[in-house]
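Student: all I have is the shape, not the residue letters:
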């Protein structure tokens with residue numbers, strides 16, 4: 001139980017640190033596209049004088065963060081060791097469409113088999 005609590009506290013500290021870094025990056029325009037998105041949505045909410053638009057804009061910001069994470073970790077091919085990561089379209093079609101029929105939504109992984117070493 002103590003190990004679980006230590007891990008929980010570690011996650012809390014890590015999330016607080018990441019949240020502070022993200023907020024400072026947005027304020028200082030370290031990531032211009034994210035800062036522009038947050039600034040424009042803030043100004044639009046003020047212009048329309050509505051707080052009801054905050055949840056959809058927040059979800060849009062989370063989707064942007066997920067796309068940035070995908071682009072940073074899956075598009076950069078260094079370190080994949082021959083595996084091809086799923087594309088965004090494959091993930092979307094896998095989530096939206098059902099698997100009726102023989103049509104596959106994911107392309108199979110093609111990994112070349114290494115020859116066995118001769119002793």
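Tutor: That came through fine. The shown structure was predicted, so the numbers you read here are calculated from the model rather than taken from an experiment. Numbers count the residues shown, from 1 in each chain.
Student: which stretches in this structure count as helices?
Tutor: With DSSP state H as the criterion, the chain has helices at 2-27, 32-48, 54-70, 88-96.
Student: which helices and strands sit right next to the first one?
Tutor: Spelled out, it's helix 2-27. helix 32-48 (3 or more C-beta pairs under 8 Å, 6 or more residues apart in numbering; DSSP states H and E). Glycine gets a C-beta too; all of them are placed from N, C-alpha and C.
Student: how about the helix it packs on: buried residues?
Tutor: Across helix 32-48, burial judged by 16 or more other C-beta atoms under 10 Å covers 34, 37-38, 41.
Student: still on that earlier bit, let's have the helices of the chain in CSV, adding distance to residue 115 and mean pLDDT.
Tutor: Formatted as CSV, the helices of the chain follow (distance: least, C-beta to C-beta, whole Å; pLDDT from 0 to 100):
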stretch, distance to residue 115, mean pLDDT
helix 2-27, 43, 92
helix 32-48, 46, 94
helix 54-70, 34, 91
helix 88-96, 30, 77
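Student: now those in a markdown table, with distance to residue 117?
Tutor: Compiled in a markdown table, the helices of the chain are given as follows (distance: least, C-beta to C-beta, whole Å):
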| stretch | distance to residue 117 |
| --- | --- |
| helix 2-27 | 41 |
| helix 32-48 | 49 |
| helix 54-70 | 37 |
| helix 88-96 | 35 |
